[in-house]
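> Please find the sequence and the predicted model below.
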Amino acid sequence: MLERIKSLREKAIQELEALTDSTSLEEWKRSYLGKKGLVTQLLRQIGSLPPEERPKAGEAANLLRDELTQLYEEKASAIKEAERLQAAKAQAIDVTLPGRRPQIGALHPVTQTLREIIEIFSRMGFGVYEGPEVEWDDYNFGLLNIPPEHPARDMWDTLYIAPPYGKEGNMLLRTHTSPDQIRVMELMRPPIRVVVPGRCYRHEATDASHEWMFYQVEGLAVDKGITMAHLKGVLTTFVREMFGKERKVRFRCDYFPFVEPGADMAMDCIVCGGKGCRVCKFTGWLEILGAGMVHPQVLRNVGIDPNIYTGFAFGMGVERIAMLKHKIDDIRYFYANDLRFLKQFRA
Ligand code: PHE
């Protein structure tokens, strides 16, 4: 009997050592220590041995059961640890792999141009003000010397909307940033030097040079002794900062009801240098903004005495400046949200 116990022990230990996974370990446990396991059977047979053999055989069989149980537990925790390590390895991160680059956006070309314009004017001492896109008819037209039924209103056909509940008057989407001349002069007294960027809207059939929504930058300077020379100096400086020191400029008479005299400003064509090409429609000149001396009636409308103060104002289209700067031939690209276009302006 002792011999059988000994060989059973050797066989069990040998098999146990070869095991590497928990499934076969449980199999092993069942076949030795389970209800019908070999060790359990052995223990049952002790009772049928001759009495003189029982104590020794019983002791040896019990020792074997305890030993195998202990070995089983050691093996079980070793396998469990190995399996845990392996699972961790399977989902481990390879820290030597290069990271995924996050997609970083860029400023819209109109925003880039707008910021450039504002920077140039702020170097000349202009502050920045912003007004509402939804505006009173009176600010967009009336206070700018364009009374109802005035034919000049035809220059700016727009989108009218209902006024807020309980308020009287006509509201519209502003057609230009000029109403903010009024708002600025209501807020502060001269000396005033300010630029006003913002969206404008017009009832427009769109084409390569017209959009129903676009940006303008308005400029306003009011002080004692402001003359047309200041207007020309500031705007010539702007054009040369924006488009190059060699640019020539031209001022011609133009009509806007809120300035007197009024002017349009042009620069020599950046494509052909003034010789004439398709971009300048063979004139050699590119018109870039409207301007003029603030009309005395506009000053009176905001309670500024035109006998003491004078001022100049101007308004430019930001998309037009961006188009000239980047040689873009259709304004509709800006708001078509085509990434093939927008990605060319990553700054
Ligand atoms: N507001 C005018 C326009 O949109 C431009 C302008 C501004 C002209 C200021 C003169 C002075 O056409």
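Done, it's in.
> Next, the contact list for the residue most central in space within the chain, please.
The centre of the chain sits closest to residue 105, judged by CA atoms, centre = their mean, with a distance of 5.6 Å. Residues near residue 105 by CB atoms under 8 Å, 6 or more residues apart in numbering: none. Using the backbone N, CA and C atoms, a C-beta is placed for each residue, glycine as well.
> element containing it, please.
Residue 105 belongs to no helix or strand when assigned by DSSP states H and E.
> Reduced to three states, what does residue 107 come out as?
Secondary structure, DSSP: H, G, I helix; E, B strand; the rest coil: residue 107 is coil.
> count of residues packed around it?
14 (other CB atoms under 10 Å).
> go on, the one 5 residues further on?
Residue neighbour count, defined by other CB under 10 Å, stands at 17 for residue 112.
> Over to residue 225?
Counted with other CB under 10 Å, residue 225 comes out at 8.
> what's the pLDDT at residue 40?
Note for residue 40: predicted pLDDT of 88.
> Just to check, it is in contact with residue 29?
No - between residue 40 and residue 29 there is no contact under CB atoms under 8 Å: 11.2 Å.
> Among those two, which residue is more densely surrounded?
For residue 40 versus residue 29, the count of surrounding residues by other CB under 10 Å is larger for residue 29: 18 against 14.
> Which of the helices or strands spans the more buried one?
helix 22-33.
> ok, residues contacting that helix?
Against helix 22-33 from outside (CB under 8 Å, 6+ apart): 12, 15-16, 19, 37-40, 65, 68-69, 72, 75-76, 79-80, 83.
> What of stretch 225-236?
Residues outside stretch 225-236 that contact it (CB under 8 Å, 6+ apart) are 124, 219, 221, 249, 251, 261, 263, 265, 289, 291-293, 309-312, 314.
> Those residues, buried ones only, as a ChimeraX selection?
Of the contacts of stretch 225-236, the buried ones go into a single ChimeraX selection, burial set by 16 or more other CB atoms under 10 Å:
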select :219,221,249,251,263,265,289,291,292,293,309,310,311,312,314
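> Hmm, residue 176 is touching residue 140, no?
Yes - Residue 176 lies in contact with residue 140 (CB under 8 Å); the separation is 7.5 Å.
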